[in-house]
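Enquirer: Sequence plus predicted model, see below.
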Amino acid sequence: MIFKQLMENLDIDASSAMGELKLSLFGFRAMMIENYTKIVVYSKEKIVLKCKKGFVTIEGDNFNIKEMGKTDLTIVGQIKSIVNDR
């Protein structure tokens, strides 16, 4: 429901956004990632994920995977940067 409202407010077709990479940042200490396709790099300082339209690189310190599903991931640690490489 909230996602649909957000898409309407941003004038984005919600059906076209389904399956897109979604990042939810909780302060700079945790992040939930939805709709990634593959973990390319994983270390305590860097995570690179392949997604539908490129890659996303997350850099920081003391990364740990808290939860991991087929397309969803929750990480904790000190997040310093997030870069989208299309």
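Expert: Okay, I see it. Numbers count the residues shown, from 1 in each chain.
Enquirer: I47 and T57 touch, don't they?
Expert: Yes. At 7.4 Å, I47 counts as touching T57 under the criterion of C-beta atoms under 8 Å. No exception for glycine: its C-beta is placed from N, CA and C like everyone else's.
Enquirer: Which of those two has more residues huddled nearby?
Expert: Using other C-beta atoms under 10 Å, the more surrounded residue of I47 and T57 is I47, with 25 against 15.
Enquirer: secondary structure element for the more buried one?
Expert: Element membership for I47 (DSSP states H and E) is strand 46-51.
Enquirer: Show me what that strand is packed against.
Expert: Packing partners of strand 46-51 (3 or more C-beta pairs under 8 Å, 6 or more residues apart in numbering; DSSP states H and E): strand 36-42, strand 54-68.
Enquirer: what's the following helix or strand after the helix-or-strand element of the chain with minimal mean pLDDT?
Expert: Each helix and strand of the chain was given a mean pLDDT (mean pLDDT, DSSP states H and E); the minimum falls on helix 14-17 at a mean of 57. Sequence-wise, the next helix or strand downstream of helix 14-17 (DSSP H and E) is strand 22-26.
Enquirer: Contacts for that following strand, please.
Expert: M31, M32, I33, E34, N35, V56, I79, I82 (C-beta atoms under 8 Å, 6 or more residues apart in numbering).
Enquirer: in its sheet, what does it sit against?
Expert: strand 30-34 (antiparallel) (DSSP bridges).
Enquirer: Identify each buried residue in the strand it pairs with, please.
Expert: Buried residues in strand 30-34, counting neighbours by 16 or more other C-beta atoms under 10 Å, are found at M31, I33, E34.
Enquirer: For L6, state which of the residues you listed is nearest.
Expert: E34 (14.0 Å; C-beta to C-beta).
Enquirer: mind listing what the closest one touches?
Expert: Shown in contact with E34 (C-beta under 8 Å, 6+ apart): L21, K22, L23, S24, T71, D72.
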